[in-house]
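Q: Predicted model follows, preceded by the sequence.
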Amino acid sequence: MIDVVVVGGGPVGLYLAALLLQQGVSVRVLERRTEPDTHSRAIGIHPPSLEALDRIGVASGLVNEGVRIRRGVAIGGGVEVAGMSFDSVSGRFPFVLSVPQVLTEAALERRVVALDGEAIIRGATVTGIHDDGSAVAVDVVTACGKSRIHASLAVAADGVRSTIRQLLAIPAPLRTYQDRYLMGDFADGTAFGPDAALFLEFPGIVESFPLPGAMRRWVARLPGTMPDAPSAGSLARIVRERTGIAVDAGTNSMVSSFGVRSRLVKRMVHGRTSLIGDAAHEISPIGGQGMNLGWLDAAELAPLILNRLTHTDCGADLRSFERHRLRAAAKAVRQSEINMALGRPVPRPLWHVRNRLIGSAASVAAINSRVAARFTMH
């Protein structure tokens, strides 16, 4: 019997596995994908997460691979409305790191493999989970057939469609929003350099973030009529119409559209199984908090797992963990709702008023610093 089985080999599951392996805990990570995902996906790593990632020795390598976003600017009608510096948000990491998720996962996987070359089991589909009060048994199907893995504890880090959450019939009320977005990565032909740019235009927001390799991500809130299929040309056209910036569709390396949902479980700890990351809380990608929330879940859960493995009674600590992390997730949901509201289409007269109010608020140093801290999850 192993100590901990982690269901889900994405960034959150891999991070937790590395934390535990460093402490001599035996771990198996069950990942349905047979190969790593090559999609750039999430790109923003906030300062608290960099501090967490530093605990397993991968932060410095990621910082070297990524782009350090130290400043964000809000633009409306071609005029800078507000600027925001992240210099004061952290002593060690005074920036948001932009790095494609594929590189982040690769760094995490390398660390896990270095600690235990047999820890990750790919092509593993979980079909059942059983908790007898003293151990957990997880039913798995792989290319080699069916098997059952016995562990002292289980952690579900298997994403928004969590198999474990469904198998355990854990309530997780779902809310959907009207907002839809189109996202794509293109060669960077702007003069923004390492700055993030938010275009607060009356037809809807356009967001722009630097990426490694002289690339840039563009995200636009879609109008009521969505293109038949997401395309680089559609996104380039929206960016040009709203910002005046010409994006070369021919340089596109990724394009996708997405809607917005939020979901919070009522409980994150169920017997000997815990849920973390998107399995426990799904929030809007706008603001880039989802992956970061999962890492902070894992960082807080890891010492409690160590205590449970020594048969220490940590029921009160687990309840405190659950309350704290669910409050953090609820706060992130509220922040994402504010972000989405600011990016929705508004009539032109209200657009002028809104942008003036944003500019006035941002000119107050205390407010500016507080907003910067909220955006970077401090």
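A: Nice, I can see it.
Q: centroid residue for the chain?
A: residue 291 (2.2 Å; Cα atoms, centre = their mean).
Q: partners of the longest strand along the chain, with directions?
A: Longest strand in the chain by number of residues, with DSSP state E as the criterion: strand 174-187. Taking DSSP bridges as the criterion, strand 174-187 sits next to strand 215-221 (antiparallel), strand 254-264 (antiparallel) in its sheet.
Q: what's the closest of those to residue 365?
A: Between residue 365 and the strands paired with strand 174-187, the tightest spacing by Cβ to Cβ is seen for strand 215-221, at 28.4 Å. (Each C-beta comes from the backbone N, C-alpha and C, glycine too.)
Q: if I look at residue 214, how far off is residue 100?
A: According to Cβ to Cβ, to the nearest Å, residue 214 and residue 100 sit 14 Å apart.
Q: quick one: contacts for the residue nearest to the centre of the chain?
A: Residues in contact with residue 291 (Cβ atoms under 8 Å, 6 or more residues apart in numbering) are 11-12, 42, 45, 49, 101, 277.
Q: helix, strand or coil for residue 189?
A: Here residue 189 is coil, with the state taken from DSSP: H, G, I helix; E, B strand; the rest coil.
Q: Now do the end-to-end distance for stretch 26-45.
A: Using Cα to Cα, to the nearest Å, the end-to-end distance of stretch 26-45 comes to 28 Å.
Q: Likewise for stretch 358-371?
A: One end of stretch 358-371 to the other measures 11 Å (Cα to Cα).
Q: buried set for that stretch?
A: Under the neighbour-count criterion of 16 or more other Cβ atoms under 10 Å, stretch 358-371 has 358-359, 362, 368-369, 371 buried.
Q: Now do the closest residue to residue 180 other than its chain neighbours against residue 183, distance only.
A: Residue nearest to residue 180 in three dimensions, not counting chain neighbours: residue 222, with 4.5 Å by Cβ to Cβ, 6 or more residues apart in numbering. Distance, residue 222 to residue 183, by Cβ to Cβ: 10 Å.
Q: what touches both of those two?
A: By Cβ under 8 Å, 6+ apart, the residues touching both residue 222 and residue 183 are residue 257.
Q: For burial, what's the neighbour tally of the residue nearest to residue 180?
A: Neighbour count of residue 222, defined by other Cβ atoms under 10 Å: 19.
Q: before we move on, what about residue 335?
A: By other Cβ under 10 Å, 18 other residues sit near residue 335.
Q: per-residue pLDDT, it?
A: Per-residue pLDDT puts residue 335 at 90.
Q: so it makes contact with residue 290?
A: No. Assessed by Cβ atoms under 8 Å, residue 335 is found out of contact with residue 290, at 11.7 Å.
Q: Let me know the secondary structure of residue 267.
A: Secondary structure state of residue 267, per three-state DSSP, is coil.
Q: mind listing what the residue nearest to residue 180 touches?
A: Here residue 222 is in contact with 180-182, 204, 238, 257 (Cβ under 8 Å, 6+ apart).
Q: try 7 Å this time
A: Residue 222 is in contact with 180-182, counting by Cβ atoms under 7 Å, 6 or more residues apart in numbering.
Q: what does residue 57 give?
A: residue 111.
Q: Quick check: the gap between it and residue 115.
A: 10 Å.
Q: Just the ones of the contacts of residue 291 in helices?
A: Cross-referencing the contacts of residue 291 against helices under DSSP state H gives 11-12, 49, 101.
Q: confidence score at the residue lying closest to residue 168 once chain neighbours are set aside?
A: Using Cβ to Cβ, 6+ apart and skipping residues adjacent in sequence, the residue nearest residue 168 is residue 270, 5.7 Å away. Note for residue 270: predicted pLDDT of 96.
Q: quick one, helices of the stretch 101-250 of the chain?
A: Listed in chain order, the helices of the stretch 101-250 of the chain (DSSP state H, counting those that start in this stretch) span 101-115, 163-167, 232-243.
Q: helices or strands next to the shortest one in the packing?
A: Contact analysis of helix 163-167 by 3 or more Cβ pairs under 7 Å, 6 or more residues apart in numbering; DSSP states H and E lists strand 125-131, strand 273-275 as its packing neighbours.
Q: in its sheet, what does the last one sit against?
A: Looking at strand 273-275 with DSSP bridges, its partner strands are strand 145-156 (parallel), strand 269-270 (antiparallel).
Q: looking at the ones you listed, which is closest to residue 326?
A: When the strands paired with strand 273-275 are compared by Cβ to Cβ, strand 269-270 sits nearest residue 326, at 10.6 Å.
Q: my guess is residue 205 meets residue 345, correct?
A: No. If you go by Cβ atoms under 7 Å, residue 205 and residue 345 don't touch, sitting 9.0 Å apart.
Q: between these two, who's got more neighbours?
A: In this view residue 205 and residue 345 are compared by other Cβ under 10 Å, and residue 205 has more residues nearby, 22 against 14.
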